[in-house]
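Student: Build the 3D model from these lines:
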Amino acid sequence: MTEVNLDDVRRQLNELNFVADKMRFVTVSAMDDEMLESCTKTEGECFYNSYMNVIYGKGERYVLGFRCEETVIDHAIIRKGDKYYDPTLQAEGDFKEYQYAVLTEFKVFDMMTHAKSNKDFPPDVDYLISKANKFKNVINVEKMKK
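Tutor: Here you go, the predicted model:
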């Protein structure tokens, strides 16, 4: 697994006006080759890929958050059962498990509803910020007003 300093990740998330203490940190695992082969995995399109993979039942939830690296990266992955997967990154090859900070998870209906109000684009971090009052549990709305 890629090692990161989670205290540093929390600091970065707080600086971006998120409430890191309310976010869950999960491990993103590799999926088996057969499952990966059946997934949408357009290079560099994690939001689209995750959206399509949930629509077509490859994942049960569209998960929005941040890849925990030296500098956090906004990213979308999928959840199936109690496992988290990243077909976009895994398809690039040489995949290693990594830590991920979860902002929110959407079931298919909610994901599609949010996409509809986002000009038919899958929900991303900017979209969540634009709807900050609905996501007060993970967005520091008071800090954003300053």
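
Student: can you give me the strands for the protein?
Tutor: For the chain, applying DSSP state E gives strands covering 24-29, 61-67, 73-80, 83-85, 98-106.

Student: Just checking: what are the partner strands of the last one?
Tutor: Looking at strand 98-106 with DSSP bridges, its paired strands and their directions are strand 24-29 (antiparallel), strand 61-67 (antiparallel).

Student: winner for burial among those?
Tutor: For these, average neighbour numbers computed from mean count of other C-beta atoms under 10 Å are highest in strand 61-67, which has a mean of 25. The C-beta positions use only the backbone N, C-alpha and C, and glycine is treated the same way.

Student: hmm, who's touching that one?
Tutor: 9, 13, 23, 28, 50-51, 54, 72-79, 84, 89, 98, 100-108, 111, 122-125, 128 (C-beta atoms under 8 Å, 6 or more residues apart in numbering).

Student: number of nearby residues for Lys96?
Tutor: 11 (other C-beta atoms under 10 Å).

Student: can you list the strands of the chain in TSV and add mean pLDDT?
Tutor: Formatted as TSV, those follow (pLDDT from 0 to 100):
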stretch	mean pLDDT
strand 24-29	97
strand 61-67	97
strand 73-80	97
strand 83-85	98
strand 98-106	96
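
Student: Rebuild the ones you listed as JSON lines, extending it with distance to Ile139.
Tutor: Formatted as JSON lines, the strands of the chain follow (distance: least, C-beta to C-beta, whole Å):
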{"stretch": "strand 24-29", "distance to Ile139": "15"}
{"stretch": "strand 61-67", "distance to Ile139": "12"}
{"stretch": "strand 73-80", "distance to Ile139": "13"}
{"stretch": "strand 83-85", "distance to Ile139": "21"}
{"stretch": "strand 98-106", "distance to Ile139": "8"}
